[in-house]
Each structure stands twice: as structure tokens, then as C-alpha cells.
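> model the following, please.
(chains A and B)
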Amino acid sequence: MLWNSLVLAVRAIRRNVLRSFLTILGVVIGVSAVIVMVTLGDGATQSIKDQISSLGSNLLVVRPGQRLGPGRDEAGAPNFKVEDAEAIASQVRAVAAVAPTTRANVTVVYQSQNWSTNVTGSTNAFFVTDNWRLASGRMFTDAEERGGQAVCVVGETLRKELFGGGNPVGSQIRVKRFACEVVGLLRSKGQGAFGMDADDIVVMPLRTVQRRVRGSDDVTSLQVSVREGASITSAADAIKSLMRERRNIAENEDDNFTVIDTKQIADTLSGSIRVMTMLLGAVAAISLLVGGIGIMNIMLVSVTERTREIGIRLAIGALEHEVLLQFLIESVALASFGGLIGVVLANLVASVAAGAIQVPFLFNPGVNVLSFVVSGLIGVVFGYFPARRAAMLDPIEALRYE
Amino acid sequence: MSTAAAVDREPLLELRGVRKVYGSGTAAFEALRGIDLTIQEGEFVAIMGPSGSGKSTVMNILGCLDSPTSGSYLFRGVHVEQMSRRQRALLRRHYLGFVFQGFNLLARTSALENVELPLLYRGEPARARHEEARAAIASVGLSGWEGHTPSELSGGQQQRVAIARAIVSRPALLLADEPTGNLDTHRSREIMGLLSALNREKGITILLVTHEPDMAHSAQRIVHFVDGVVDSDVPNGAVH
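Numbering: from 1, shown residues only, chains lettered A, B, ... in the order given. Next up, the predicted model:
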């Protein structure tokens, strides 16, 4: 019975291929739009998460001043000292490593090449907190750290810009007025968070930067990595109260420093991308609905056009529910076929588009299956009314219809 | 089944005082005003009459497409006028075959698929369907044309396909409503010859509606309708 209706429906669709195709185009576009939006949204979320986690695992950044971003309120907020880092490392139990860090903009020169970059002065702990691995060479020795010697570890961008892609380890580069030996090369992280180039980096021992570049013993930020499994929030709270104490901040005063939780930023960002994805997906879903209305429209035309055919079927002995089922199956078959094409098309488009906007292509089985099922449901919902109209026809009238 | 032996058997169809009124109040039109008609199994009956005489209305009622306003219609002793729409559809499916003036084949559908249609609704498996449909097409002399669509067939051929579709399910009654109305004299004679042969050889009861006396001559019995009543009901040959 069901099989027969399916046979009849397929025959009817086959009789008018072009129109059938145009009918399902709305569903094809709707389904593709939903899947492409959600897939790209997933990719973007993943990409943000990857970028942030490349900053460091469980990283807390402690900076002087209250606000983040442009117009940061640093005036009057004293910088940190190396002892602050030591205090955090020894007094906050959840902490795995603390790297006191200071930064300066410098121009580095190698032979005829020069490159303007950011030099970071820190300890070996910095490689742990900020999740850096060495591609070649070594980190700093204790003697180099203590003595503030002119050695540095460079990032991939420096290798490209100064050394033309050659091995920099062992070479001497000139920073300000002193020569500095390159002892290590960092493994590339690629594009960093917020579109910055993470590999554009030169790391020197803290003391080297303090004495030879900045000329002060300030520490501008503390990079703190929290032990795996420990609560980042409680670690941040512990650091806050410790720093308030060390900086002699009274009960009723605000903090003159900020503890930034990178994971929280990642969550916030991916949260807002998820909302965007849902909004775009909802808009796409509306186009799917419009596609359904297109199917209903054509099915109604088809019923009117095939009034005589329905009359013949009824005269031959088709039951009402058989005619209803035939037209319903026809619209469901059309819609599902559209859904199927949409799924295939969407994944092609999404994989190409993901490459173009540089986010990973993540196949989302849930949204693919859901969109396909919804396209079938649209066939049922929007096909029912025309199918019922067909089934209720009076055979005598229908046979007489010109 | 010969007509001579049919006297003491239950008739195939029986109309008793059938009336059909269209519309209501002052606009009411009485298409049939008390029809009594009995048709035995195996008969070949022609219904004649001018347009508006009620012959199409009686055809629709006998074809279980319409119900009488009053009176009763017995099909093999069963009251059709009390049946639901669904029951009448099932009765059509299992016992009736239709041939129309306008052929009424499904467009862009092969002759074979057209002929298979009644079997499809009976739920016959594909293999049996194909075989029976081919046999029916062969019996109307169209072997080799199974794959052609109606637009590729002449009028006469289309009507043959329609007849094949009507007889493929071995109906108890074949209703033919002006089957030659759209055909020239030569093709009309062929179609009538085919219907006569089906009646003679397969024992299918045939009810033919026509206004052409020439066509009615193939029938064994001719019923004349005038203004919604039976004017005359005589065996063929007694008319003239």
C-alpha cells in the first residue's frame, strides 16, 4: 500500500522533472543555508578556542591598572617586582608556574635586515605559562638568567624576516646597542588570538631586558599558569588577595591591578559566536520555511492541474486516503530529496568557505540529520493541505474538469 | 453465462424507483424521476436518449460515483445507496470498469502503466501486474504499444488502452460512457466490435451510454430515456 503510493508519487515527480527541481530549490537553499551557517559557526568557535588555548594552558595574566584594552588606566598603578612573582609561586598552592614579564618595543638587526618587534624579558617559566615549545636550540641557563646575559630565543617570524628562513641558532643579532646571541628557536603557533602574529616574538632573560633595554627593574605583567585540575577562579581569588596585601591596598580601595583569565575570555568569545551562529541559523531556518511554502504552492497547482487524473483514480477505485497518501508522499519525497541535495551542497560549500575564511571545517552530524528530517517534515506539513484537497474531490466533478 | 439462463438468477443490477434531484427549493432540478431497471449478468445494454434525459445521471449512479436522492440501487442484492464513500470506492475497485468519451488516460504515462493502475490499487504484486496488463493490452490488439504514452497513440488506440484498463481487473460490469463520441465512424465500429467481443467471449456485462443509434445496434437490449424516465426498454431488433 505504502509502496504503491511511493511508486505513484515517484512516477508523478518523474513526469515533470524541471518543475520538480524548481519546486525543491527552496528547500535545497534553506537546508544548505542552515547547515553552512552552523558548520561555519562551529568552525569559528573552535578556531577561537584553539587560538586562546595557544596563549597558554590555564593561564592567568596579572597586570597593573584596572581596565583592559585601549585607554588602560595604568597611571599611578605601580608595576610589579620579581618578588611578587616569587610570593605567588610560594604562597598560592594551585599555581604551577609564575613568569615575571616585562616588554619593550625594539628594532632588531641581523646583517642588512632589520625588524621592529616586541622583546619579552622573562624567565624559563615563561615558556611553560605561555605554552611555547622549542623547535631547536635551548632555553636560558641559570647563569644567563641571573647574570642578565645577552642571549635570546626567537619566534618563527623573526627567522623568516631576519634569517630568510635559515637556522638562526648561534647567530648574533643586534638589539639597541648590544649584540645578542640567539640560543633557541620557538615552534610556530601560527596566527595568534585576535589576529595578532604570535610568532613575532623575541624572549630574553628578565634581567637583560630590565637593565639593557628598559633601564628599570619593573615587571609589567605576571604570567601565572594554574595547575591542571585546580580551580582557576579560586587561584585568581587567592592571587588577588595576596596582591592586595603586598600592594597595601586598604579595605575600601579598589584593586590597582587586574587578573585576566584567558579561559574566561575564550568562553565569553565562543559564547557570543554561538549566539551569532544561532541567529544566523534561525534566519536560514526561515528560508527553509519559505521553501516549504513553495512546495505547498506547487502542490496546490499540481492538484488543480491533475484534477482529471484524480477523478480517474477515484473512479477506478482509489480510496480517499490513498489519494491523500499519494500526494503527501509526493511532497515528502520532493522535500526530502531537496533536503538531501541541500545536505550534500551545504557540506561542499561549507568546506570551501571554511578554507576561505580560515576556520576549521567541522562536520556536524546533528545539524545535518536534523535539517534533513526537518525538510521531510516540511513536506508533510505543507503537503497535507493540497493532498487533502485532492482526496476530497468529487470524482464526477473531477472527471468533468477541463 | 448466457442471457437466457439469467431469468431465475439474482440480477447483477437493480434500480427501484430511483430519483435524483439536483439543487434545492425553486432551483431544484429532477434529473431522474422514478427509474426501475434490472440488468442481468452477461447482458450488453445500451442506454439511449437525448441530452438532459438523465442517461449520464443514471450512469453515475450505476457506476457508484453518485447516490440516488431516493429509491434503491442493488448491486448483486446489496444496497449501494446505503454505502459510504469508501465502500463505494471499494465496490468500483473490485467490480467495475469505466470507459469514458474523453479516454481519460494519465498523460505522459505509458500504456502499460495506465493499464496497471487498477491492479496497483488492488495491491497486486509487480510481476502479476505486468503480466495481466500485457495480457489485457494484447486482448485489445495493441501488443507492442505498451511503452507508448497517450500522446503517441491515435484516438482509437487510446480508447483501446482505456478499454484494456477497464477490463484488466476482470470487472463484473463495464460502464462505457459515449466511448465512440470522439472517434470517426471507422474507429467507432472497431471499438464497438471490441466491446461486443468482450461481452461475448469473456462474459463481461456491458452498459453503454450513447446517442448514436448506429452504435447501440451492437447491444442486445436498448433502454430509451426521456425526461428522467424510461421511455422504452426493448431487446435489440424490436426497435424498428
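
> phi, psi of residue A:123?
Dihedral angles of residue A:123 (phi, psi; degrees, to the nearest 10) stand at phi -110, psi 180.

> and for it, the neighbour number?
A total of 24 residues lie near residue A:123 under the criterion other Cβ atoms under 10 Å in any protein chain shown. Glycine gets a C-beta too; all of them are placed from N, C-alpha and C.

> and for residue A:104?
Neighbours around residue A:104, by other Cβ under 10 Å: 20.

> kindly report the same for the one 4 residues further on.
With neighbours defined by other Cβ under 10 Å, the count for residue A:108 comes to 22.

> hmm, residue A:114 and it touching each other?
Yes: the pair residue A:108 and residue A:114 passes the contact test of Cβ atoms under 8 Å, sitting 6.8 Å apart.

> list residues touching both of these two?
Residues touching both residue A:108 and residue A:114 by Cβ atoms under 8 Å, 6 or more residues apart in numbering or on different chains: residue A:162.

> just checking, next helix/strand downstream of the strand or helix carrying residue A:53?
Per DSSP states H and E: residue A:53 is located in helix A:17-55. As assigned by DSSP H and E, the chain's next helix or strand after helix A:17-55 is strand A:59-64.

> direction included, what does that following strand pair up with?
Next to strand A:59-64 in the sheet, as set by DSSP bridges, lie strand A:221-226 (antiparallel), strand A:257-261 (antiparallel).

> which one of those is the most hemmed in?
Greatest average neighbour count among the strands paired with strand A:59-64 goes to strand A:221-226 (a mean of 25), per mean count of other Cβ atoms under 10 Å in any protein chain shown.

> can you check the pLDDT for residue 72?
In the absence of a named chain, this looks at chain A. In this model, residue A:72 is scored at 52, pLDDT.

> nope, chain B
95.

> pretty sure it is touching residue B:79, no?
Yes: Residue B:72 is in contact with residue B:79 according to Cβ under 8 Å; the separation is 5.8 Å.

> and those two? Which one has more around it.
Per other Cβ under 10 Å, whichever of residue B:72 and residue B:79 has more neighbours is residue B:72, with 14 against 10.

> which of the three states applies to the more buried one?
strand (DSSP: H, G, I helix; E, B strand; the rest coil).

> and it, what does it touch?
B:15, B:16, B:17, B:18, B:79, B:81.

> gap between it and residue B:89?
From residue B:72 across to residue B:89, the span is 20 Å (Cβ to Cβ, to the nearest Å).

> what of residue B:203?
From residue B:203 to residue B:89 the distance is 25 Å (Cβ to Cβ).

> over to residue A:177?
102 Å.

> could you check which of these two is surrounded by more residues?
Legend: neighbour count by other Cβ under 10 Å for residue A:177 and residue B:89, higher for residue B:89 (25 against 6).

> model confidence for the more buried one, exactly?
pLDDT at residue B:89 comes out at 93.

> just residue A:358 next, same as before
The model's pLDDT for residue A:358 equals 83.

> equivalent analysis for residue B:207, please.
95.

> hmm, it is touching residue B:40, no?
No: using Cβ under 8 Å, residue B:207 is not in contact with residue B:40, being 11.7 Å away.

> more neighbours, these two?
residue B:207 (25 against 21).

> so what's the more buried one up against?
B:39, B:45, B:47, B:59, B:62, B:173, B:174, B:175, B:176.

> just to be sure, it is in a helix?
No: counting by three-state DSSP, residue B:207 is not found in a helix; it is strand.

> for it, name its beta-bridge partners.
Using DSSP bridges, the beta-bridge partners of residue B:207 come out as residue B:45, residue B:175.

> poorly predicted segments of the chain, please.
Unless you meant another one, I'm taking chain A. A:1, A:56-57, A:67-76, A:191-196 (pLDDT under 70).

> hmm, no, I was thinking of chain B.
Ranges of chain B meeting pLDDT under 70: B:1-8, B:237-240.

> pull the number of nearby residues for the residue in it positioned nearest to chain A.
Closest residue of chain B to chain A, Cβ to the nearest Cβ: residue B:93 (2.5 Å). Residue B:93 has 20 neighbours, counted by other Cβ under 10 Å.

> let's verify residue 131: helix, strand, or coil?
Picking chain A for this. Going by three-state DSSP: residue A:131 is coil.

> my bad, chain B
Under three-state DSSP, residue B:131 comes out as helix.

> dig out what the nearest residue to residue B:68 once chain neighbours are set aside forms beta bridges with.
Counting by Cβ to Cβ, 6 or more residues apart in numbering or on different chains, residue B:68 lies nearest to residue B:18, which is 4.4 Å off, once chain neighbours are set aside. On the basis of DSSP bridges, residue B:18 is bridged to residue B:35.

> list the contacts of residue B:18.
So residue B:18 contacts B:32, B:34, B:35, B:36, B:37, B:58, B:61, B:68, B:70, B:71, B:72, B:73 (Cβ under 8 Å, 6+ apart).

> which residues does residue B:13 contact?
Residue B:13 sits next to B:37, B:38, B:39, B:62, B:73, B:74, B:75, B:173 when contact means Cβ under 8 Å, 6+ apart.

> repeat for residue B:58
Residue B:58 neighbours (Cβ under 8 Å, 6+ apart): B:15, B:18, B:32, B:35, B:37, B:47, B:225.

> now do residue A:190
For residue A:190, the contacting residues are A:54, A:198, A:199, by Cβ under 8 Å, 6+ apart.

> could you check how far the first one is from chain B?
In this structure, residue A:54 lies at 62 Å from chain B, with Cβ to the nearest Cβ, to the nearest Å as the measure.

> what do you get for the last one?
Computed with Cβ to the nearest Cβ, the distance linking residue A:199 and chain B is 66 Å.

> so that residue: helix, strand or coil?
Under three-state DSSP, residue A:199 comes out as coil.

> longest helix in the chain, by residue count?
Reading this off chain A. helix A:262-305 (DSSP state H).

> to clarify, I was referring to chain B.
In chain B, assigned by DSSP H, the helix with the most residues is helix B:185-202.

> what is the orientation angle of it with strand B:205-209?
Counting by axes from the mean of the first three to the mean of the last three Cα atoms, to 10 degrees, helix B:185-202 lies at 160 degrees to strand B:205-209.

> do you have the strands of chain A handy? List them.
Along chain A, the segments classed as strands by DSSP state E run A:59-64, A:95-110, A:113-122, A:134-137, A:151-154, A:172-175, A:178-186, A:202-205, A:221-226, A:257-261.

> please apply the same query to chain B.
Going by DSSP E, chain B shows strands at B:13-22, B:29-39, B:44-48, B:70-75, B:78-79, B:96-99, B:173-177, B:205-209, B:221-226, B:229-235.
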